[in-house]
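1. one predicted model, sequence on top.
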2 protein chains.
Amino acid sequence: MPNAARRSERSRQAILESALALLHESGYADLTIEAIAARAGVGKQTIYRWWSGRGAVVLDALVEQAGASEPPPLPDTGDLEADLRPVIRAIVAELADPRLSATTRALTVEALTSETFAEQVRDRLLRPQLGTIVARLRSAREAGDLRADADLDQAVELLIGPMYHRWMLRTGPLTEEYADGLLDLALAALRR
Amino acid sequence: MPNAARRSERSRQAILESALALLHESGYADLTIEAIAARAGVGKQTIYRWWSGRGAVVLDALVEQAGASEPPPLPDTGDLEADLRPVIRAIVAELADPRLSATTRALTVEALTSETFAEQVRDRLLRPQLGTIVARLRSAREAGDLRADADLDQAVELLIGPMYHRWMLRTGPLTEEYADGLLDLALAALRR
């Protein structure tokens, strides 16, 4: 790799790491391009050369973070509900956490505003994250625990859609009890 | 009513009607406070005195419109799925329509950005709109067609959440076939 390319790659990494660190320390509301640039030791122009704004930087940073530590497959103990319960609880807990959910909120606003951004969130962040759930549902379907005609994308939406709706419109509590109830309901729909 | 109050009320009505007419004719993207003011024959300042921005005007206009023609209760033929099918198809069709869904998109962005706005959308627009579905689910529960412990708010989220998630992240088609499949799935979860 020529020196210039290596320097570019080092800057890119520094920018993504700085964005994640700032997000973790102070949340999305306080995250500015200025703050990311200062922490990464680059000029603001360097960031704007590669990204359209903080939403795009955060998406790349989260994708890189997720890719660096690919989630292990879910256990398959033969008990689908028990295997999914911790994952569903974790997603609900993340939505219930004001700091973590501020990032999700920001990405959702960007996705609603730009079709291209929505596709990126879907293909680069969401699909890989939900992939472990889809894989576990697939093995349950093969084992005959789910309806043979169950559409797995639709099955995931049945689990994830209701909690996002509740989170977005604040229509009810996002507790562990809620997570367990939702899982119970969704599986009742999918079982044979 | 004193003359000044009557004039105020007339201006308010003209503003809300103009907002709806413009929304219908050209969609949310082209809706500006300037355009609403011009059509209503008032100054921009009159609008800004009563509303924080176009999102707030549109919310009030939609609430007033919904209130003016309260939706009739759904039929109760004893066949819950048949009674709900046209409503679910209509909501999915509205999300699939680019012009109509631009308004929903805008209201969702505002709701994600402001907690107060989210509460207003929820309490003034969404709950009344979904009320007819809740009422039909309640009579089905009383008739013994649904699980006795079915939480009706959660039941509505199970119907509405997945389609909004699909719409927001463009994860799949929003067709009549999809609407029917979703209804089938959600009712499978709720039946005793």
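-> Ah, there it is.

2. kindly export stretch A:15-24 (C-alpha atoms) in PDB.
-> Output in PDB follows, covering the C-alpha atoms of stretch A:15-24 (Å, rounded to 0.1, in the frame of the first residue of the first chain):
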ATOM      1  CA  ILE A  15     -12.500   8.900  12.500                       C
ATOM      2  CA  LEU A  16     -14.700   5.800  13.000                       C
ATOM      3  CA  GLU A  17     -13.100   4.900  16.300                       C
ATOM      4  CA  SER A  18     -13.500   8.500  17.500                       C
ATOM      5  CA  ALA A  19     -17.100   8.600  16.500                       C
ATOM      6  CA  LEU A  20     -17.800   5.300  18.400                       C
ATOM      7  CA  ALA A  21     -16.000   6.600  21.500                       C
ATOM      8  CA  LEU A  22     -17.800   9.900  21.500                       C
ATOM      9  CA  LEU A  23     -21.100   8.100  20.900                       C
ATOM     10  CA  HIS A  24     -20.400   5.900  23.900                       C
END
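
3. relative to the whole chain's centre, how far out is the lengthiest helix in chain A?
-> Ranked by residue count, the top helix of chain A under DSSP state H comes out as helix A:3-26. Distance, stretch centre to chain centre, for helix A:3-26: 20 Å (CA atoms, centre = their mean, to the nearest Å).

4. can you give the contact residues for that helix?
-> A:1, A:30-31, A:35-37, A:39-42, A:46-47, A:50, A:54, A:57-58, A:60-62, A:64-65, A:103 (CB atoms under 8 Å, 6 or more residues apart in numbering or on different chains). Backbone N, C-alpha and C define where each C-beta goes, glycine included.

5. beyond it, next helix or strand please.
-> Next helix or strand after helix A:3-26 toward the C-terminus (DSSP states H and E): helix A:33-40.

6. quick check: buried residues in the very next helix or strand once past that next one?
-> Remark: after helix A:33-40, the chain's next helix or strand is helix A:44-50, criterion DSSP H and E. Within helix A:44-50, the residues that count as buried by 16 or more other CB atoms under 10 Å in any protein chain shown are A:T46, A:I47.

7. chain neighbours aside, what residue packs nearest to A:L159?
-> Excluding the flanking residues, the one nearest A:L159 by CB to CB, 6 or more residues apart in numbering or on different chains is A:A186, at 4.8 Å.

8. so that neighbour makes contact with A:G161?
-> No: applying CB atoms under 8 Å, one finds A:A186 not in contact with A:G161, separated by 9.6 Å.

9. now do the contacts for the nearest residue to A:D145 once chain neighbours are set aside.
-> Of all residues not flanking A:D145 in the chain, A:L80 sits nearest, at 5.6 Å (CB to CB, 6+ apart). By CB under 8 Å, 6+ apart, the residues touching A:L80 are A:R136, A:L137, A:A140, A:D145, A:L146, A:L187.

10. any chance of those in CSV with secondary structure, distance to B:L74 and neighbour count as columns?
-> Putting these into CSV (DSSP: H, G, I helix; E, B strand; the rest coil; distance: CB to CB, whole Å; neighbours: other CB atoms under 10 Å in any protein chain shown) gives the following:
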residue, secondary structure, distance to B:L74, neighbour count
A:R136, helix, 37, 19
A:L137, helix, 32, 24
A:A140, helix, 34, 24
A:D145, coil, 34, 18
A:L146, strand, 31, 21
A:L187, helix, 28, 20
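
11. picking that back up, so who does the residue nearest to A:L159 touch?
-> A:A155, A:L158, A:L159, A:P162, B:L158, B:A189.

12. quick one, grab the pLDDT at A:R192.
-> What the model reports as pLDDT for A:R192 is 76.

13. neighbours of it, how many?
-> The number of residues packed near A:R192 is 10, by other CB atoms under 10 Å in any protein chain shown.

14. my read: it touches A:G144, true?
-> Yes: at 6.8 Å, A:R192 and A:G144 qualify as touching, with contact defined as CB under 8 Å.

15. up against chain B, what does chain A have?
-> By CB under 8 Å from any CB of the partner chain, the part of chain A that sits against chain B consists of A:105, A:108-109, A:111-113, A:115, A:118-119, A:121-122, A:126, A:151, A:153-154, A:157-158, A:160-166, A:168-172, A:181-182, A:185-186, A:188-190.
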